[in-house]
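# sharing a model prediction with you, sequence too.
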Amino acid sequence: MKRVSVVTGGAQGIGAAIVRRLAADGDSLVLVDIDAMAAEATAGEIAAAGGTVRVVLGDVSADQTVAEVAETVAGLGRLDVLVNNVGDFRPASKTFGHSTPEQWQRLYEVNLLHVFKMCHALVPRMIEQGHGAVVNVSTVEAFRGIPGHAVYSAYNAGVSAFTKSLAVEVGEHGVRVNAVAPDLTDTPQTSREAMLRGRDPGLLRSWLPLGRFGQPEDFAGVVAFLASPDAGFITGHTIPVDGGTLAASGWYAREDHKGWTNMPNHP
C-alpha cells in the first residue's frame, strides 16, 4: 500500500523538491500551499509523471486550512509522513529595534505556529496507526546569531526544540520526529542571483566549504532519508544541510559598517 505524505509549502523551492522526491519514491502526496498557480503546476508535473497528488490551498497557519488537510488525510485512510516545510524570514526589519509586534506575530505564524497546528491535528493519526515520521524544516540560523532577524531565529530555534520534545513524547508509539536546517539555498525565495549580486562567484569556496549553493534536491534527499526505514532509529534531531557553513563560519561585520554579511567579499 502506498504511503501517504503531507508536505506544506510544497509548491516551490525546497518544498516542491520534497514533493517530487517522495512522489518518485511512490508516495501519495497531499501538497499544501498558499500559491494556487504554483501548486497546480507542481501537482501537474507529479501527475504527468504518473504520481498521485492532492492539493490543499490556503495559509497553513489558518485553522480552516489545517482542518481541510486533516479531512483530506482522513479520506485517504492513513498518514505516514508529515513534512512541515513552510517558513520565511519575511516580514523583515533592519534591526530588532525597528521591528514591530505585527511582524513578530506573522513570523510566529509562518515559522512556528503552523508546526504546532499541523502536528496537533495529524500526529494523533500516526499514534493510532503505531507508526509515522514527522520532518520539520528549521534553519541554521536557529543555531547561530543572525543580525536583523532575531525573531525569525528565535522561532526556528523553537522548531528544533519542539522537534526534540515531541520526539520524546511520541516515540513509544512508533512515531519519529526530526528536522532539517537549511542554509544558502538557490530557490525563488533566496535565489543564487540575488545572493551573488555584486560579489565574485569565485569566492563561494570561502563562504561554503563545499564551494556551491545548496539545491532544493539536496534537502529533499535528506528528508526522504529521515522519512524512510533507513532512519528508523533516528529521532529528535535537527540535521544541518548547509554545505558546511555551521562548521566553518558565521556572520561578519561589513567593512563599510553597513550591517553584516555571511558572505564576506574577501577570503
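That came in fine, so what should we check first?

# nearest residue to Arg3 other than its sequence neighbours?
Asp80 (3.9 Å; Cβ to Cβ, 6 or more residues apart in numbering). No exception for glycine: its C-beta is placed from N, CA and C like everyone else's.

# how many neighbours does the one you found have?
20 (other Cβ atoms under 10 Å).

# Arg199 versus that one, what's the distance?
42 Å (Cβ to Cβ, to the nearest Å).

# show the average pLDDT along stretch 80-99.
In this model, stretch 80-99 carries a mean pLDDT of 92.

# for the longest helix seen in the chain, packing partners?
Secondary structure of the chain per DSSP state H: the longest helix is helix 150-170. When contacts are defined as 3 or more Cβ pairs under 8 Å, 6 or more residues apart in numbering; DSSP states H and E, helix 150-170 packs onto helix 101-108, helix 114-129, strand 132-137, strand 175-182.

# just tell me which of these ends up closest to Asp256.
Closest to Asp256 of the helices and strands packed on helix 150-170 is helix 101-108 (Cβ to Cβ; 26.3 Å).

# how about that closest one: buried residues?
By 16 or more other Cβ atoms under 10 Å, the buried positions in helix 101-108 come out as 103-104, 106-108.

# what comes into contact with it?
Here helix 101-108 makes contact (Cβ atoms under 8 Å, 6 or more residues apart in numbering) with 88-89, 91-93, 151-152, 155.

# residues contacting Ala47?
Contacts of Ala47 by Cβ under 8 Å, 6+ apart are Val53.

# now the host helix or strand of it, how far from the centre of its chain.
Assigned by DSSP states H and E, Ala47 belongs to helix 36-48. In terms of Cα atoms, centre = their mean, to the nearest Å, the centre of helix 36-48 is found 19 Å from the chain centre.

# hmm, back to that, you'd agree the residue nearest to Arg3 is up against Leu22?
No. Look at Asp80 against Leu22 with Cβ atoms under 8 Å: they stay out of range, at 9.8 Å.

# mutual contacts of the two, please.
Going by Cβ under 8 Å, 6+ apart, residues that sit against Asp80 and also against Leu22 are 3, 5, 227.

# for the contacts of helix 101-108, which single residue is the most surrounded?
Tyr152 (27 neighbours).

# three-state assignment of the closest residue in space to it that isn't next to it in sequence?
Closest residue to Tyr152 apart from its sequence neighbours, by Cβ to Cβ, 6+ apart: Phe89 at 4.7 Å. What DSSP: H, G, I helix; E, B strand; the rest coil gives for Phe89 is coil.
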